[in-house]
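J.: quick check, what structure comes out for this input:
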Amino acid sequence: MRGPAGFSEKSQLGERTLSERPDRLSAMTTTSPQGRTELLRPDGSPVRVLVVDDEQSITELLSMALRYEGWQIRSAGDGHGAVRAARDFRPDAVVLDMMLPDMDGLIVLGRL
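T.: Got it, this is the predicted structure:
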């Protein structure tokens, strides 16, 4: 399965599609000795993901799952915090709630 602006991969957990520029992600894809596909930055460091949600339990669950994949995670609970975190953290991908308490997720996306 291939999204319009993403790439998909198959793993032991099934197929997943990542909505990111395919040329950038394909350059970041490697296979570990265990045969598991991993996404790494060009310098070999973990992919950076910013998780933005005002529901702390959702943020914690997503962050835990992404850390399990070996990715570096930063989280924010509102739009202003997301913009600040993105400026400092420079994430490769963002998981963004569209209904944040201080601003609409689409506004946050525009500022990122």
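J.: tell me how this structure divides into domains.
T.: 1-40, 46-112 (automatic domain parsing).
J.: ranking the ones you listed by mean pLDDT, which is last?
T.: For the domains of the chain, the weakest mean pLDDT is recorded on domain 1-40, namely a mean of 49.
J.: can you show me the strands along this protein?
T.: Ranges of strands in the chain, per DSSP state E, are 7-11, 14-18, 29-31, 37-39, 48-52, 72-76, 93-96.
J.: how many residues are close by Gly105?
T.: 17 (other CB atoms under 10 Å). All C-beta atoms are positioned from the backbone trio N, CA, C, and that covers glycine.
J.: what about the closest residue to it other than its chain neighbours, distance to Asp43?
T.: Leaving aside its chain neighbours, Gly105 sits nearest to Met98 (3.5 Å; criterion: CB to CB, 6 or more residues apart in numbering). Distance, Met98 to Asp43, using CB to CB, to the nearest Å: 32 Å.
J.: if you compare the directions of the top helix by length along the chain and strand 72-76, what angle comes out?
T.: Assignment by DSSP state H gives helix 56-68 as the longest helix of the chain. Computed by axes from the mean of the first three to the mean of the last three CA atoms, to 10 degrees, the angle separating helix 56-68 from strand 72-76 equals 170 degrees.
J.: can you give the contact residues for helix 56-68?
T.: 49, 51-53, 73, 75, 77, 95, 97 (CB atoms under 8 Å, 6 or more residues apart in numbering).
J.: do the same with stretch 98-105
T.: Stretch 98-105 is contacted by residues 52-54, 78-80, 82, 96-97, 106, 108 when judged by CB under 8 Å, 6+ apart.
J.: which of these fall within helices?
T.: Taking DSSP H, the ones among those that sit in helices are 79-80, 82, 106, 108.
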